[in-house]
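**Q** Sequence below, structure please.
(chains A and B)
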Amino acid sequence: MSINESENIMLLEIKNLHASINGKEILKGINLMVNEGEVHAIMGPNGSGKSTLSSVLTGNPAFEVTEGEVWFRGKNLLDMPPEVRSREGIFLSFQYPVEIPGVSMVNFMRAAVNEHRKYRNEPALSASEFLKLMREKRSIVELDSKLANRSVNEGFSGGEKKRNEIFQMAMLEPKLSILDETDSGLDIDALRIVAQGVGKLRTTENSTIVITHYQRLLDYIVPDFVHILYNGRIVKTAGRELAIELEEKGYDWIKQEIDE
Amino acid sequence: MQALESYIDLYKNYSKTLSSSCSDLMNSHRDRAFDSFSKLGFPDTKMEDYHNCDLQKVLSYDFGMNLNRLHIPTNPYGVFSCDVPNLSTKLFFVVNDKFYKNEKPVVLPKGVLCGSLNELTQTRANLLEPYFAKLSDKSQDGMVQFNTSFLQDGFVLYVPANVRLERPIQLIQVLQSPADLMVQRRVLVILEEGAHAQVLLCDHSLSSNRFFSNQVTEIFVGKGASMEYYELEMGHLSTTRVSNTLVSLESGSDLVMNGTILSNGMTRNNVTVRFNGKGSEANLSGMALGENDQFIDNHIFVDHAVPGCKSNALYKYVLDDSSRGVFGGKLLVEKDAQKTIAYQSNRNLCSTRQATMFSKPQLEIYADDVKCSHGSATGQLDESALFYMRSRGISESEARLLLKFAFTADVIDNIRLEPLRDRMKMLVEKRFRGELAKCAGCTTVNCS
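**A** I've put the predicted structure just below:
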């Protein structure tokens, strides 16, 4: 492959993706292309398949892909186990971050960062280098140092859990971040901190898929494209104005349009 | 039953030989214990407490005991240095069933006795007579009476009133023999009023033979005394260990006990703790890590015979491969034992489909002003936590390891001896990584 060709490779390319859980089809033919540096918002009513899409992209074994292809930087994503997808540069900010009692944030992050480094043939960070990195990235989302010493997400408030997700994103520097309802359960101040954190992490190379119900997050993370997911398919794609229109009119008009 | 008969015959033929090499105090309990043993026999699976533990099957194999005290050349100092970093202990060895005389004399506070059971029950018979076999003679477990019948040596620690041992006593028991072997092991620990001691017992198998170790440990904790007792099992797959630990607590005393099984073939540990005086506290904990077709059975019996005592028991199992775990916990609060506080918890992780766990928590309360709870739960690794970790780039095997390690954390935290706690974390991690055979402390040990 020549250098010129490689520049044209799409960051993420989803073709006719079908997926089901316990035999029930949730995704019914998703098509989506994401270039480097772009922000895509995915909106849609409850139960339309938004979280399923993020689970399938990150390789959650609870879901079965029944049809279609997903290419990430020219590689077949569906062939990779979840940990390899992460090392390749995909990150999911969980809608419901998992509590892991007994595993400290420090040990958890050190294991993750060093696995990423190993994958890139880089030496493991020394203890002091690692702690320095933790300190630096923690400040992006104003995460208390006490939280970093506790067990992963254990006893964290809703807002702290979401901040912790963005902190992990900062540590792992993904190429594609999927924010699954990162704004849900946040008060105004926490929303600002989280959204500004995401803003600080943006570069011209990394891309973001924002799954949300509300326009308010998109005030901070301005999308290039807004997609509406309904009944397992992307039924409408437009610019930022679509999110504003949805905020005013709700989803009923879309549903009517589609169901007719 | 054949095994029982052959041991009965063996005793009849060899009781003179046994007596000839042992102290009068040890011999004075022998015949009575043998009578009990003949009546009780070996525990079988028809007994409620041994329902899941088939000792008869193992005992049908003829291991052979070293009744004639044949010399088995071993120098535990040469092959073994259990280097718990920063844990400077007073180190003692038992090789098979015989106390190994220390190379250099060990300096201990005045009045403290520490050494061979056979020797000290001879030279200090008056001092030890009120304690030796006092608890074991009452036991209704055939294995305990079997032990007293065939006993030839063991280990004694005696701490006089108000003496505090600043450094832990470490007893390393090794199994090494040119042929398969059964050993009767005995530990006697006496803390007089106000005394304090920490004891760490480590069990290792050094040669690859089949071993059967039948241990009886008697612990007396006097008024206001405090005792920490730790056991670490690192036997190999061809080792069977049966152990009965009998503890008596006087008023105002404090006991911390932790038993960890890092590796072994078959394990059956009975722990019996009895409160004899008010205001005492016992913290019991244990951890069992099973792999291959290992079998681990812990039975804990806490007897609140008097009012105003507190007990807490926490036992956890992590079972890999097709290993099997059994836990039996019985908490008895007797009629007048008011103001008792007693908790018991058993938590288990079966990390494969083949691993099995049997758990039976029991609570019997005959007093009406008590605070008690018991609980048991067995489950698998949390799938959502596994996925969460993998989604951050952590491999599945590493994620499993971190979760298993996390599961054991609160048991390890029960260990008060800090260097041992750190060492335990390292050993547990190594064990989960399958690196235990390369343990820095063992140069020739076959732990796999």
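**Q** Would you mind listing the residues in contact with B:R241?
**A** By C-beta atoms under 8 Å, 6 or more residues apart in numbering or on different chains, B:R241 lies in contact with B:D203, B:S213, B:Q215, B:E233, B:G235, B:N264, B:M266, B:T267, B:R268, B:N269. C-betas here are computed from N, CA, C, even on glycine.
**Q** Nearest residue to A:I14 in space, please, no chain neighbours.
**A** A:L32 (4.3 Å; C-beta to C-beta, 6 or more residues apart in numbering or on different chains).
**Q** which other helices and strands contact whichever strand or helix holds that neighbour?
**A** In this assignment (DSSP states H and E), A:L32 forms part of strand A:24-34. Using 3 or more C-beta pairs under 8 Å, 6 or more residues apart in numbering or on different chains; DSSP states H and E, the elements in contact with strand A:24-34 are strand A:12-21, helix A:50-58, strand A:64-72, strand A:233-238.
**Q** could the ones you listed go into a markdown table alongside mean pLDDT?
**A** Output for these, formatted as a markdown table (pLDDT from 0 to 100):
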| stretch | mean pLDDT |
| --- | --- |
| strand A:12-21 | 97 |
| helix A:50-58 | 96 |
| strand A:64-72 | 97 |
| strand A:233-238 | 94 |
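**Q** Tell me which of these sits most buried.
**A** Comparing the helices and strands packed on strand A:24-34 by mean neighbour count (mean count of other C-beta atoms under 10 Å in any protein chain shown), helix A:50-58 ranks first with a mean of 24.
**Q** so where do the helices sit in the chain?
**A** Unless you meant another one, I'm taking chain A. A:3-7, A:50-58, A:82-88, A:105-119, A:127-140, A:145-148, A:158-172, A:188-201, A:216-220, A:241-249, A:252-259 (DSSP state H).
**Q** if you could check chain B rather than the one you did, that'd help
**A** Secondary structure of chain B (DSSP H): helices located at B:2-20, B:24-28, B:30-40, B:55-59, B:76-79, B:117-123, B:125-128, B:142-150, B:383-390, B:396-412, B:418-432.
**Q** Nearest to chain A, out of those?
**A** Closest approach to chain A among those (C-beta to the nearest C-beta): helix B:396-412, 2.7 Å.
**Q** Which strands border the strand holding A:L32, and is each parallel or antiparallel?
**A** strand A:12-21 (antiparallel) (DSSP bridges).
**Q** what angle separates the strand it pairs with from strand A:233-238?
**A** Interaxial angle of strand A:12-21 relative to strand A:233-238 (axes from the mean of the first three to the mean of the last three C-alpha atoms, to 10 degrees): 150 degrees.
**Q** hang on, the earlier thing: and B:G290, which of the helices of chain A is closest to it?
**A** Set against B:G290 and scored by C-beta to C-beta, the helices of chain A come closest in helix A:105-119, at 24.1 Å.
**Q** Contacts (any at all) between chain B and that closest one?
**A** Yes - applying C-beta under 8 Å from any C-beta of the partner chain, one finds that helix A:105-119 is in contact with chain B at A:N107, A:F108, A:A111, A:A112, A:E115, A:H116, A:Y119.
**Q** Does anything pack onto that helix? Which helices or strands?
**A** Where contact means 3+ C-beta pairs under 8 Å, 6+ apart, helix A:105-119 is packed against helix A:82-88, helix A:127-140, helix A:145-148, strand A:151-152, helix A:158-172, helix B:383-390, helix B:396-412.
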